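# Have a look at this fold, sequence not included:
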């Protein structure tokens, strides 16, 4: 398998490198990390403007239809710069689950918002103290209002891929089980006020 960048991928990597040198140098990153949010909304907006948030997603949702190597060219630059924004959690994991396994309605609702930079995601894949026991699910979510796709956590767990904070976020859970009699779902999720956009 050939992982060498083609001309377009190299141009993309060079573009990201220029942004990092100009706007995300060590001192800039230090200020971002020390800020109350711990990441930069301005940088996230720039990622959206550069098309980085839509890179691997279908043009049907505003993306560019790129593949793994396209994403790799961005992730390589982000890794070098120690970028703290939730790119991997949102573009590399959360939205990928929606793109690959979501319903048509979920894709239409979630992916364009990710591409535009309006929605950030996190993947809640483990439970506190569960170690490697995938059957141990302690977090509980209840329906929020009448929407069949919106749930709020009642008793959250703590382990996610990303620990950033955001006012508007979608959470992806890897497993859940029904408690129909109580109208609850047991989920692997980690924020007491998160809105979950992935019930099955």
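Received it, and whenever you're ready, just let me know what you need. Keep in mind that this is a model prediction, so the values were computed, not measured. Residues are numbered from 1 along each chain as shown.
# quick one: contacts for the residue lying closest to residue 115 once chain neighbours are set aside?
Among residues not flanking residue 115 along the chain, residue 54 sits closest, at 3.6 Å (CB to CB, 6 or more residues apart in numbering). For every residue, glycine as well, the C-beta is placed using N, CA and C. Applying CB atoms under 8 Å, 6 or more residues apart in numbering to residue 54 gives the contacts 48, 61-64, 114-115.
# three-state assignment of residue 54?
coil (DSSP: H, G, I helix; E, B strand; the rest coil).
# who does the lengthiest helix in the chain touch, helix- and strand-wise?
With DSSP state H setting the assignment, residue counts place helix 7-23 as the longest helix in the chain. Under the contact definition 3 or more CB pairs under 8 Å, 6 or more residues apart in numbering; DSSP states H and E, helix 7-23 sits against helix 41-49, helix 68-81.
# The same query, at a cut-off of 7 Å, please.
Other helices and strands packing on helix 7-23, by 3 or more CB pairs under 7 Å, 6 or more residues apart in numbering; DSSP states H and E, are helix 68-81.
# Now the element after the helix it packs on, going C-ward?
helix 87 (DSSP states H and E).
# what does the helix or strand that that next one is followed by contact?
Note on helix 87: by DSSP H and E, the next helix or strand toward the C-terminus is helix 95-101. With contacts defined as CB atoms under 7 Å, 6 or more residues apart in numbering, helix 95-101 is touched by 57, 106-107, 110-111, 114, 121, 172.
# What residues of helix 95-101 count as buried?
95-99 (16 or more other CB atoms under 10 Å).
# Poorly predicted segments of the chain, please.
The chain contains residues with pLDDT under 70 at 1-3, 124-126, 134, 137-200.
# Weed out the non-buried ones from the contacts of residue 54.
Applying 16+ other CB under 10 Å to the contacts of residue 54 flags 48, 61-63, 114-115 as buried.
# want to throw the residues you listed into a markdown table with secondary structure and distance to residue 87?
A markdown table is the format used below for the buried ones among the contacts of residue 54 (DSSP: H, G, I helix; E, B strand; the rest coil; distance: CB to CB, whole Å):
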| residue | secondary structure | distance to residue 87 |
| --- | --- | --- |
| 48 | helix | 11 |
| 61 | helix | 17 |
| 62 | coil | 17 |
| 63 | coil | 14 |
| 114 | helix | 11 |
| 115 | helix | 13 |
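# how about those residues in CSV, adding distance to residue 8?
Below are these laid out as CSV (distance: CB to CB, whole Å):
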residue, distance to residue 8
48, 19
61, 20
62, 19
63, 15
114, 22
115, 18
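# May I ask which two of those residues are separated the most?
Maximum pairwise distance in these, criterion CB to CB, is 13.3 Å, between 48 and 61.
# Thanks a lot, catch you later.
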